[in-house]
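# Below are the sequence and a predicted model for it; my questions follow.
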Amino acid sequence: MTFGDFRRGKCSFAIKPRARFLQNIDLRLYSVLIDTGLAVFTASALMGCDIPGNHAYLSVLMLRSDGLGQGNRSYLSSDGIKLDDKFVMQPYRIIAKRMMKNTRQIAITFGVETLPSPGSWCYFDNMTLGVRQSI
């Protein structure tokens, strides 16, 4: 798949500004690890917009079995890492965050916050979420 002059991965997508969508991931298979307090998650993605000032974001919220959120929503951060000034998408990540006990789902929100500009797009690629035991 190609957006502009850049070739993207197999899970790339583009959305217009002021859009948002949600994906829930079931974590019941990890419930024993999570409830012992030993689980951490990591997340990463390439994100960016073709017009400066538009802001693509990806956030993660832990949900209990009844669907209620717990803790604060976590946003992926760039940590000042920049691939290239010509490259529209830049790397964002959460390195390791402890999962709250009783978490059974993670809600991931992909979105763009800005005033819409005609012809502008924002891109997402290489999204990953990992759950592992802490050291």
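Nice, I can see it.
# Poorly predicted segments of this protein, please.
Along the chain, segments meeting pLDDT under 70 span 1-10, 53, 80-87, 115-119.
# Helices along that one, start to end?
31-35 (DSSP state H).
# Which residue ranges of it form strands?
2-3, 6-7, 13-15, 20-26, 39-49, 55-63, 69-75, 90-98, 105-113, 122-133 (DSSP state E).
# quick one: buried residues of the longest one?
In other words, strand 122-133. 122, 123, 124, 125, 127, 129, 131 (16 or more other C-beta atoms under 10 Å). In this view, the C-beta of every residue, glycine as well, is placed from N, C-alpha and C.
# Next: the third one.
When neighbours are counted by 16+ other C-beta under 10 Å, the buried residues of strand 13-15 are found to be 14, 15.
# Paired strands for that strand, with orientation please.
The pairing partners recorded for strand 13-15 under DSSP bridges are strand 122-133 (antiparallel).
# do the same with the fourth one
According to DSSP bridges, strand 20-26 has the following sheet partners: strand 105-113 (antiparallel).
# what comes into contact with the strand it pairs with?
Strand 105-113 has contacts (C-beta atoms under 8 Å, 6 or more residues apart in numbering) with 15-27, 41, 43, 49, 54-63, 65, 67, 69, 73, 122, 124, 127, 129.
# ok and it relative to strand 39-49, angle-wise?
Taking axes from the mean of the first three to the mean of the last three C-alpha atoms, to 10 degrees, one finds strand 105-113 and strand 39-49 inclined to each other by 20 degrees.
# Strand 105-113 versus strand 69-75: what angle between them?
Using the same axes, to 10 degrees: strand 105-113 against strand 69-75 is 40 degrees.
# Nearest the middle, which residue of this protein would you pick?
residue 58 (3.5 Å; C-alpha atoms, centre = their mean).
# Tell me how many other residues crowd the nearest residue to it once chain neighbours are set aside.
In space, and not counting its chain neighbours, residue 58 is closest to residue 76: 4.9 Å by C-beta to C-beta, 6 or more residues apart in numbering. Neighbourhood size, residue 76 [other C-beta atoms under 10 Å]: 20.
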